[in-house]
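**Q** need a 3D model of the following:
(one chain, ligands or ions: 1)
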Amino acid sequence: MKPFYITTAIDYVNGSPHIGHAYEKVLTDVIARFRRLMGDRVHFLTGADEHGQKVQQSAQKRGIAPPQFVEEMCAEFRALYDRLNVSYDDYIRTTEERHKRVVRQMLQKLHDQGEIYQAEYRGFYSTRQEQFLLDKERLPDGSWPEIYGEVTEIVEPNYFFKLRSHQDWLVRFLTENESFVFPRFRQKQVLEFLKEPLNDLCISRPRERLAWGIPLPFDENYVTYVWFDALVNYYSAVADQPGVWPATWHVIGKDILVPPHAVYWPIMLHAAGIELPQALLVHGWWLLRGGQKMSKSTGEVVNPLDLIDRFGVDAFRYFLVREMNVGQDSEFSLELFLSRYNSDLANDLGNLVNRTLNMTGRYAGGVVPAAGAAEEPERELQALWQRTHDEAIRLCEGFQFHSALDRTLTFCKAINRYAEHRAPWKLAKSAAAADQAALRTALATMAEALRLGVTLLAPVMPATREKVYAALGHTPAPKWSDELVWGDRLTGRPVQAALMLFPRPEKPGNG
Ligand code: MSP
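**A** Numbering: from 1, shown residues only. Model prediction:
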């Protein structure tokens, strides 16, 4: 079986990770976990983009050599992803030999085929920032912003990749493959972009100006510049694992769709005679309140570790996935986070867990009783479960995780309502045999429904599922699909006295 090969963008490691990086890796992880649970063989790749001007400059600022700098930064990113329970199978760093080798092979091949040529590159260069500037960066009066210092026009020989000669092919390809980019409206943006003629892509920088890169195999006075290095990671990581390529999905943010992933990458592969990835999944951006962009330079970023420390990993994962409609943007604020946390997690799910354990302890000696014959309330809850299950799976297949979570939490609320309706605390006061039977049925139904609810949450909240299973004394079946079937799986299981999953923050309102 061809693996379900899913990748994330590889992060620039010139600054610390923020909520945007965390989101993309968690989203990809949710897909990877979902596919694994559905029985696919998954290969999940993430990694770090370590070369380039910015990294070289950040290292210089710290007064250390680039290799030491990227080592430290990369460790920071990985530590976050481990903390976030991101279940990647492989982590690629563009400074690794396995990557550099494949990049150089690909460049050589394209050069041999006449796809790469040398020509004059003309651009406006900021010596202070050591980078070329784009025309759109000019101020309205035509001058350059202060931060760039002196800007001069430079003309220098560089290497170019013949993008333009493949433009017609790409337009045809995208027209014939309507679902290459998800969501659909993004594919339209790509075709819109392709209405203008493409310029060939400058793929090199002279080594004397940028030492921190991969030398061109056919001219060691140059290093390859940005995209020719970074994009190849998806392929280089599995180049020696037959049968894994092509990728099933590349998960990326909207800022790097056009032109890198939707134009450069398909053309590079096509020109090199390598199969194309099956599709691109493009997510939106986390913005600050009022739609502002997070900016490393102003320090206005959301540090995921703060939230994880205060609220736990699964609460953070839940929030990211619940609040983002994949493909759209979303705004982050602590108020919104707290409101989700309190209502969905502390109230609906957390309370359900507490009640179930508590009442099983109090009214059934801490052991899940056997359910008697289902009556109307049980039948209703079971029917709701079936609908919730079917819809949630369908929604996850289509990346609508926010709606799948919504349905699942609605089910949890319905279990709470069921408990209130059955009122085990009242039944327990009666010695009548019918009431005692109803009590056993109610407790068993709550436990079983809770088990199903957290099973469905597994791709998003894996640790919560584990904790609740443990609290219910449950050993899961090997197959997720079996776990998702209503059955009296918990009869006779001893349960824990309590489990505090989502404690209330000490000072609600300001956290
Ligand atoms: N190194 C390139 C990608 C190369 S892929 C061959 C890069 N790195 S990045 O660190 O700037 O961004 C990594 C990913 O994080 C990108 O997909 C980007 O869209 C995503 N995000 C960065 N900021 C983001 C938000 N504020 N919100 C959501 N995702 C965002 O680009």
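
**Q** CA atoms for contacts and neighbours, from now on please.
**A** Will do.

**Q** which SS class is the closest residue to D344 other than its chain neighbours?
**A** Of all residues not flanking D344 in the chain, L409 sits nearest, at 7.0 Å (C-alpha to C-alpha, 6 or more residues apart in numbering). Following DSSP: H, G, I helix; E, B strand; the rest coil, we place L409 in the helix state.

**Q** could you identify the helix or strand that succeeds the helix or strand where E192 lies?
**A** If you go by DSSP states H and E, E192 is part of helix 184-193. Scanning forward in sequence from helix 184-193 by DSSP H and E, the next helix or strand is strand 201-202.

**Q** pull up the pairing partners for that following strand, direction included.
**A** Strand pairing for strand 201-202, using DSSP bridges, gives strand 151-161 (antiparallel).

**Q** buried residues, the partner strand. List them.
**A** Residues of strand 151-161 classed as buried: 151, 158-161 (neighbour count, 16 or more other C-alpha atoms under 10 Å).

**Q** so what touches it?
**A** Here strand 151-161 makes contact (C-alpha atoms under 8 Å, 6 or more residues apart in numbering) with 115-127, 144, 200-206.

**Q** for it, C-alpha coordinates in PDB please.
**A** Extracted C-alpha coordinates of strand 151-161, given in PDB (Å, rounded to 0.1, in the frame of the first residue of the first chain):
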ATOM      1  CA  VAL A 151      20.100  51.100  -1.400                       C
ATOM      2  CA  THR A 152      22.000  50.700  -4.700                       C
ATOM      3  CA  GLU A 153      21.100  49.100  -8.000                       C
ATOM      4  CA  ILE A 154      23.300  46.100  -8.600                       C
ATOM      5  CA  VAL A 155      23.800  44.200 -11.800                       C
ATOM      6  CA  GLU A 156      25.600  40.800 -11.400                       C
ATOM      7  CA  PRO A 157      25.700  37.500 -13.300                       C
ATOM      8  CA  ASN A 158      23.500  34.800 -11.700                       C
ATOM      9  CA  TYR A 159      21.800  31.600 -12.700                       C
ATOM     10  CA  PHE A 160      18.200  31.400 -13.800                       C
ATOM     11  CA  PHE A 161      15.700  28.500 -14.100                       C
END
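
**Q** following it, which helix or strand comes up?
**A** Assigned by DSSP H and E, the successor of strand 151-161 is helix 167-176.

**Q** buried residues of that next one, list them for me.
**A** Counting neighbours by 16+ other C-alpha under 10 Å, helix 167-176 gives 167, 170-171, 174 as buried.

**Q** coming back round to it: how about the helix holding E192, does it reach the ligand?
**A** No. Helix 184-193 is not in contact with the ligand by C-alpha under 6 Å from any ligand atom; minimum separation 13.9 Å.

**Q** packing partners of that helix?
**A** Identification of packing neighbours for helix 184-193 by 3 or more C-alpha pairs under 8 Å, 6 or more residues apart in numbering; DSSP states H and E yields helix 167-176.

**Q** what sits up against the helix it packs on?
**A** 180, 187, 191, 194, 197-198, 263, 266-267.

**Q** over to stretch 317-335?
**A** Residues contacting stretch 317-335 (C-alpha under 8 Å, 6+ apart): 23, 26-27, 84, 182-183, 254, 282-291, 337, 340-341, 399-403, 405-406, 460-461, 509-511.

**Q** of those residues, grab the buried ones for ChimeraX.
**A** To isolate the buried members of these in ChimeraX, using 16+ other C-alpha under 10 Å:
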select :23,26,27,84,182,183,254,282,283,284,285,286,287,288,337,340,341,399,400,401,402,403,405,460,461
